[in-house]
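Q: Structure of the sequence below:
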Amino acid sequence: MQANDVRLIRVFTTNKPGASQDPTPNALGGTRMGEFYLVIAAESGDGLGEAEAPYTLIISAASTSGGMTTFARRRDVETITAGKFGWTDLGAHAGYAKLDTLMVPVERFPVGDAYRFTVTLLAAGGIVSTLRSNEFVIV
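A: Below is the predicted model:
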């Protein structure tokens with residue numbers, strides 16, 4: 001990664017923080033949960049992290065099976081800053097890493113349809129990075 005690059009590297013749903021990707025994220029051990037989690041991972045070069053560069057993170061969701069969701073699009077203005085917004089300085093000019101886990105209320109996604117999140121990172125200098133999450137179903 002170049003010093004002035006930033007990009008999303010992984011976006012997925014899970015049933016609890018720190019868990020692996022799950023296509024039925026509101027179920028945990030056979031129990032239906034009222035929330036699930038969206039994990040966003042990104043990386044940045046040293047130059048942007050040292051400059052505490054601003055960026056905008058846009059998170060949206062849509063049904064991939066023709067259903068509807070009431071998940072409101074999020075637009076978060078953040079900076080690449082160690083210790084904030086999920087960013088960690090990797091040290092020794094290795095860049096910065098972001099790992100952020102967002103809680104999502106289940107009631108925004110009706111049962112029985114398939115959905116997917118789209119996350120877009122917009123940074124200075126025209127850097128754009130977009131990833132889609134795994135498809136998931138609310139049970």
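Q: so the most centrally placed residue in the chain bridges to which residues?
A: Taking CA atoms, centre = their mean, the centroid of the chain lies closest to residue 40, which sits 2.8 Å from it. Following DSSP bridges, residue 40 is listed with bridge partners residue 11, residue 100.
Q: residues touching it, list them.
A: By CB atoms under 8 Å, 6 or more residues apart in numbering, the contact list for residue 40 reads 8, 10-11, 57, 59, 86, 98-102, 119. Using the backbone N, CA and C atoms, a C-beta is placed for each residue, glycine as well.
Q: Of those, keep whichever come out buried.
A: Buried residues within the contacts of residue 40, counting neighbours by 16 or more other CB atoms under 10 Å: 8, 11, 57, 59, 86, 98, 102, 119.
Q: Can you flag which of those belong to strands?
A: 8, 11, 57, 59, 98, 102, 119 (DSSP state E).
Q: before we move on, the earlier item: generate CSV for the buried ones among the contacts of residue 40, with pLDDT as supplementary columns.
A: Listed next are these as CSV, based on pLDDT from 0 to 100:
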residue, pLDDT
8, 98
11, 98
57, 97
59, 98
86, 95
98, 97
102, 97
119, 98
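Q: Checking the spatially most distant residue from the centre of the chain next. Helix, strand or coil?
A: For the chain, the largest distance from the centre (CA atoms, centre = their mean) belongs to residue 92, which lies 26.1 Å off. Of the three states, residue 92 takes coil under DSSP: H, G, I helix; E, B strand; the rest coil.
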